[in-house]
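[1] give me a model of this one.
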Amino acid sequence: MPEPKRSSLLCPNCRKLISADEPRCPYCGTSRPAAIWHNNALTRGLGREDTLVNWVIFLNVGMFILALLLNPTGARVSLNPLTALAPSDLSLLRLGATGTIPIDRLHRWWSLLTANYLHGGILHIVFNMMAFRQLAPFVIREFGPYRMISLFTLSGVGGFLVSYLAGVALTIGASAAVCGLIGAALFYGKNRGGTYGQAVYKQVSGWVVGLFVFGLLVPGINNWGHGGGLVCGALLAYLLGYRERRPETLLHKSLAGICAALTVLSLGWAVIGAVFLRFAG
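    You can find the predicted model right below:
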């Protein structure tokens, strides 16, 4: 009697080829790798670097366009590239800008999260998204997609919390979260060591120095947010680990799911409130 065919699949965690009927991945120990919660459109999308990166960029671009549309007459249009095509402060405040004004006066603690997806001008969003596109694939490869989500989200919140405690009145931008990815890469390079680790650490250290000089020379930069995001990213990288030392576990996936859910809920709440205020007034 012929032996029944055994189907194969890629382990949803370590991405190695295994038998579909394995109760546990023999490489990384993931339980029931063939289960539907490991293999669906969402998790398959997260397994591709470009999919997750594009989702974040599209969300940032969508919020930027919405900020312009909510108050088109208040948008600033100028020949100065630093302020060209800038949404009005009112639109940004309604959509979830953070700082002492939104938090102390309006009690909008959720703005610590939403502010990561708002930008004050065309160059602001272009520079941040270019930096994110350069850093995120590296972080996904070395930490995994779920840890990348947590690093990006929690570093942004941590960076804005530091700037709030420092007294920054109103602030926005993905740079605190991007700095979190820089901090994670910095920790990875230092902790891993070896030729590759040293090369990563040296390159990322140069970015940190450049970021510090840029913050000193250019007015209006939220250096508290940058510094807070950088430190949070390094600390989270230490706590969460990276792939060579610790495969992604259910805990990492659960934390990423919470971060993603809170992001969607906060942005949804902000958008509904902003649209209502725009047309109710």
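[2] what's the following helix or strand after the worst-scoring helix or strand of the chain on mean pLDDT?
    Lowest by mean pLDDT, DSSP states H and E among the helices and strands of the chain is helix 41-46, with a mean of 54. Proceeding N to C from helix 41-46, the next assigned helix or strand is helix 49-70, under DSSP states H and E.
[3] what's the local residue count around the closest residue to L85 other than its chain neighbours?
    Of all residues not flanking L85 in the chain, I122 sits nearest, at 4.3 Å (CB to CB, 6 or more residues apart in numbering). All C-beta spots, glycine's among them, are computed from the backbone N, C-alpha and C. The number of residues packed near I122 is 16, by other CB atoms under 10 Å.
[4] surely I122 meets A67?
    No - I122 is not in contact with A67 according to CB atoms under 8 Å; the separation is 11.7 Å.
[5] what do those two both touch?
    Shared contacts of I122 and A67, defined by CB atoms under 8 Å, 6 or more residues apart in numbering, are absent.
[6] return the distance of G257 relative to L250.
    10 Å (CB to CB, to the nearest Å).
[7] gap between the two ends of stretch 87-107?
    23 Å (CA to CA, to the nearest Å).
[8] pull out the buried residues from that stretch.
    87-103 (16 or more other CB atoms under 10 Å).
[9] just stretch 195-207 next, same as before
    V200, Y201, V204, W207.
[10] and stretch 218-228, by the same measure?
    I221, N222, N223, W224, G225, H226, G227, G228.
[11] okay, who's weakest in the residues you listed by pLDDT?
    The member of the buried residues of stretch 218-228 with the lowest pLDDT is I221, at 88.
[12] quick check, it in a helix?
    No - using DSSP: H, G, I helix; E, B strand; the rest coil, the secondary structure at I221 is coil, not a helix.
[13] and it, how far from V264?
    29 Å.
[14] okay, now the domains of this protein?
    Here the domain assignment for the chain is 1-39, 49-280, based on automatic domain parsing.
[15] so S163 sits right up against G228, yeah?
    Yes - assessed by CB under 8 Å, S163 is found in contact with G228 at 6.4 Å.
[16] so for these two, which residues contact both of them?
    A176.
[17] state the number of residues packed around the closest residue to R133 other than its chain neighbours.
    Using CB to CB, 6+ apart and skipping the chain neighbours, the partner closest in space to R133 is V53 (6.0 Å). Other residues within reach of V53, judged by other CB under 10 Å, total 21.
[18] quick one: stretch 207-227 to chain centroid distance?
    19 Å (CA atoms, centre = their mean, to the nearest Å).
[19] export that stretch as CSV, just CAs?
    The C-alpha coordinates for stretch 207-227 follow below in CSV (Å, rounded to 0.1, in the frame of the first residue of the first chain):
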residue,chain,number,x,y,z
TRP,A,207,23.3,57.9,12.1
VAL,A,208,23.0,58.8,15.8
VAL,A,209,25.7,61.4,15.6
GLY,A,210,24.1,62.9,12.4
LEU,A,211,20.7,62.9,14.1
PHE,A,212,22.1,64.7,17.1
VAL,A,213,23.9,67.4,14.9
PHE,A,214,20.7,67.8,12.8
GLY,A,215,18.7,68.4,15.9
LEU,A,216,21.0,71.1,17.1
LEU,A,217,21.2,72.9,13.8
VAL,A,218,17.6,72.8,12.6
PRO,A,219,15.0,74.7,14.7
GLY,A,220,11.7,73.1,15.7
ILE,A,221,13.1,69.5,16.0
ASN,A,222,11.8,67.5,18.9
ASN,A,223,15.1,66.3,20.3
TRP,A,224,13.4,65.0,23.4
GLY,A,225,11.2,62.8,21.3
HIS,A,226,14.2,61.6,19.2
GLY,A,227,16.3,60.8,22.3
